[in-house]
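>>> Just need the structure, nothing else, for what follows:
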Amino acid sequence: MRQSKLFPPEKGHIGTDESGKGDYFGPLVVAGVFVPEEQQNVLTELGIRDSKKISDNRIRELAILLKKGYKHSLVAIGPERYNELYTKLRNLNKILAWAHSRAIENILEEVNCSVAVTDQFGDKSFVLNALMKKGREIELIQRPKAEEDLAVAAASILARAEFLKRLYFLSQDVGMDLPKGSSSLVDEAGLRLVKLHKVEILDKVAKKHFKITRRILASLEE
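Residues are numbered from 1 along each chain as shown. Have a look, this model is predicted:
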């Protein structure tokens, strides 16, 4: 349980980041990590940095170490749930705000922390409004290039590792490789997938509001 207010906050802060936001296939994953002040040098020595600068294999290795050593939270929104939320909210930033706030709250259940740092993905009020009672007690810092912060960088690694794992299992489920990102390779894979399983399969594996969906449907009509 979270520590009493009689105790001062622990020195350190929470960092949150997401993965899958720009990937057509797979979930949206948000991770949070609490990094004690005295652990900053340890993370530097491990080579913790923005996950976009690290190979997938190294991301998986670092994620194992981070999970063992630090308080963390993973909030994964699978494609089906993501599509439901997007249809309802029509706003990606609101979905992100809910997931980031949930990751922060989960860590606050275990750590008496006073500061959280997250990337600037939209109006700061989105996250503040999404935070529940416990979360509202924290100082929220949103800034561009937040991955330069070691706690945010650690969160980016955990989020990406979880995204890669879930994308792999989705690929296994549908019987073909689902590529990362949103390139022309993704368009081609989506078209093959729909021809194999019908268009309804996109509900289960893809973020349907991407323009890729319209291109796939247009290709089917040609």
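
>>> the helices in the chain, which residues?
Taking DSSP state H to define them, one finds helices in the chain at 40-46, 56-69, 79-89, 92-108, 124-130, 150-174, 184-197, 201-205, 211-221.

>>> so which of those comes closest to residue 34?
Residue 34 lies closest, by Cβ to Cβ, to one member of those: helix 92-108, at 5.2 Å. For glycine as for every other residue, the C-beta is placed from the backbone atoms N, C-alpha and C.

>>> Which per-residue confidence value corresponds to residue 31?
Per-residue pLDDT puts residue 31 at 97.

>>> Quick one, which of the helices of the chain gets closest to residue 13.
Nearest of those to residue 13, taken as Cβ to Cβ: helix 150-174 at 5.7 Å.

>>> Can you give the domain ranges for the protein?
Each structural domain of the chain that the record assigns through automatic domain parsing is listed here as a residue range: 12-171, 175-221.

>>> Dump those to CSV, plus mean neighbour count.
As requested, these are exported to CSV (neighbours: other Cβ atoms under 10 Å):
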stretch, mean neighbour count
domain 12-171, 19
domain 175-221, 16
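
>>> Lowest average pLDDT across these?
Out of the domains of the chain, domain 12-171 stands lowest, with a mean of 91 (criterion: mean pLDDT).

>>> From start to finish, how long is that domain in a straight line?
For domain 12-171, the first-to-last residue distance is 38 Å (Cα to Cα, to the nearest Å).

>>> Serialize the helices of the chain to JSON lines and add fields for distance to residue 22.
Rendered in JSON lines, the data for these read as follows (distance: least, Cβ to Cβ, whole Å):
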{"stretch": "helix 40-46", "distance to residue 22": "25"}
{"stretch": "helix 56-69", "distance to residue 22": "16"}
{"stretch": "helix 79-89", "distance to residue 22": "13"}
{"stretch": "helix 92-108", "distance to residue 22": "11"}
{"stretch": "helix 124-130", "distance to residue 22": "19"}
{"stretch": "helix 150-174", "distance to residue 22": "11"}
{"stretch": "helix 184-197", "distance to residue 22": "11"}
{"stretch": "helix 201-205", "distance to residue 22": "16"}
{"stretch": "helix 211-221", "distance to residue 22": "11"}
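
>>> who wins for proximity to residue 26 among the ones you listed?
Taking Cβ to Cβ as the criterion, helix 150-174 is the member of those that comes nearest to residue 26, at 3.9 Å.

>>> how many degrees apart are that closest one and helix 56-69 in direction?
Helix 150-174 runs at 120 degrees relative to helix 56-69, counting by axes from the mean of the first three to the mean of the last three Cα atoms, to 10 degrees.
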